[in-house]
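# Next one to model:
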Amino acid sequence: MINFELIIGVIEIVMIATTPLVFASIGELVTEKSGVLNLGIEGIMLVGAVMAFITLVTTGSYIIALVVSILSGVLMSSLFAFFVLFLMSNQIATGLSLTIFGIGLSSMLGKEFIGIPIEGLNPWFFVIASFFVVLLVSYFLNTTKNGLVLRAVGESHTSAHALGYNVILVRFLSIIFGGSMCALAGFYISICYAPMWQEGMTAGRGWIALAIVVFATWKPKNVLIGAYIFGGVTIIQMNLQALGLRLPAQLFSMAPYVVTLIVLVIISSNQLRIKLSAPASLTVPFYKGR
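Down below sits the predicted model:
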């Protein structure tokens with residue numbers, strides 16, 4: 001006999017666990033749509049998480065914690081934007097450096113806050129908000145003039161510049177939005193999903209978010225599908241452990257990342273699909289005046 005209560009319970013857990021992936025993925029999608037690849041997602045999420053936790057413990061205000069967390073994402077992404085847009089540094093190397101910096105900074109800042117208990121927020125507001133964010137981003141990119149300009153910059157920044165659009169400004173704002181969403185994902189993790197601070201508590205979600213953007217073929221609505229597939233795999237492996245399936249714990253922990261690799265290999269095998277979906281100017285630096 002089908003246990004509907006169990007099924008509903010699993011669906012609820014999957015939705016709660018998947019929400020940070022949705023926020024981080026949709027933020028990175030907008031960044032990449034403008035032609036910039038930010039591999040610093042993991043670092044930004046960690047800094048957003050630790051700043052939210054520290055602020056909440058210090059002030060007791062969830063609103064201030066949310067604002068500070070998002071501002072930390074703005075600062076981190078602004079640093080990335082400064083290097084890649086103005087100093088023309090390599091996007092991949094800069095993004096990786098940002099992740100390493102974020103991991104170290106969050107570890108240093110949160111050292112004295114490990115193990116401090118807090119009262120977490122109800123996650124359902126953010127679960128619902130994640131769907132609205134995806135729908136709004138989809139509407140913005142596909143319907144509004146500014147969204148079309150952003151896409152044009154990602155497809156051909158030279159042509160967009162020739163038409164009089166400010167390529168640097170569009171990319172800067174896109175990077176800021178992406179950083180804000182990653183910080184929001186970090187806030188959700190440390191304040192709602194697992195109300196505590198622990199080093200590395202994002203557990204690689206930033207890297208999974210990058211894979212989700214590719215899986216979604218840079219389409220906002222597909223982000224939800226990809227995020228829930230990866231989030232579902234994570235929850236399933238936890239439930240299998242709870243049911244006492246006798247397999248090494250390391251094998252269960254590897255499951256989401258193995259699925260990530262498999263999906264990327266499958267998608268990458270269709271090069272035409274990637275070329276038709278990925279922004280043509282992705283990772284290509286823009287030199288003003290050329």
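# in stretch 104-123, what counts as buried?
105-106, 109-110, 113, 118, 121, 123 (16 or more other Cβ atoms under 10 Å). In short, each C-beta sits where N, CA and C put it, glycine included.
# What is the end-to-end distance of that stretch?
End-to-end distance of stretch 104-123 (Cα to Cα, to the nearest Å): 27 Å.
# Same list, the buried residues of stretch 104-123, but as TSV with pLDDT, secondary structure and distance to residue 20 please.
Listed next are the buried residues of stretch 104-123 as TSV, based on pLDDT from 0 to 100; DSSP: H, G, I helix; E, B strand; the rest coil; distance: Cβ to Cβ, whole Å:
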residue	pLDDT	secondary structure	distance to residue 20
105	96	helix	19
106	96	helix	15
109	95	helix	19
110	93	coil	17
113	93	helix	19
118	92	coil	17
121	93	coil	13
123	94	coil	10
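# Out of the residues you listed, which is nearest to residue 92?
Closest approach between these and residue 92, by Cβ to Cβ: residue 105, at 20.3 Å.
# Which residues are in contact with the closest one?
Neighbouring residues of residue 105 by Cβ atoms under 8 Å, 6 or more residues apart in numbering: 43, 46-47.
# Helices of the stretch 101-250 of the chain, residue ranges please.
Along the stretch 101-250 of the chain, counting by DSSP state H, counting those that start in this stretch, helices occupy 124-143, 145-155, 157-162, 167-188, 205-215, 220-242, 249-268.
# Let me know the angle separating the helix ranked longest in the chain from helix 145-155.
For the chain, the helix with the greatest residue count under DSSP state H is helix 4-33. Interaxial angle, helix 4-33 versus helix 145-155 (axes from the mean of the first three to the mean of the last three Cα atoms, to 10 degrees): 70 degrees.
# Can you name the element that comes right after helix 4-33?
helix 41-59 (DSSP states H and E).
# what comes up buried for stretch 63-70?
Of the residues in stretch 63-70, 65-66, 68-70 count as buried by neighbour count, 16+ other Cβ under 10 Å.
# And the contacts of that stretch?
Applying Cβ under 8 Å, 6+ apart, the contact partners of stretch 63-70 are 48-49, 51-53, 55-56, 59, 180, 183-184, 186-187, 191.
# Now list the buried members of those residues.
Neighbour counting by 16+ other Cβ under 10 Å classes 48-49, 51-53, 55-56, 180, 183-184, 186-187, 191 among these as buried.
# Just the closest of the buried residues of stretch 63-70 to residue 278, please.
Distances from residue 278 to the buried residues of stretch 63-70, taken by Cβ to Cβ, are shortest for residue 70, at 28.0 Å.
# Next one: that closest one from residue 150, what distance?
The gap separating residue 70 from residue 150 is 20 Å, by Cβ to Cβ, to the nearest Å.
# what does residue 83 give?
Residue 83 sits 21 Å away from residue 150, going by Cβ to Cβ.
# possible to save the buried residues of stretch 63-70 as TSV with distance to residue 129 and pLDDT?
Formatted as TSV, these follow (distance: Cβ to Cβ, whole Å; pLDDT from 0 to 100):
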residue	distance to residue 129	pLDDT
65	16	97
66	11	98
68	18	98
69	14	98
70	13	97
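# wait, which of these is closest to residue 206?
Nearest to residue 206 among the buried residues of stretch 63-70, counting by Cβ to Cβ, is residue 69 at 15.1 Å.
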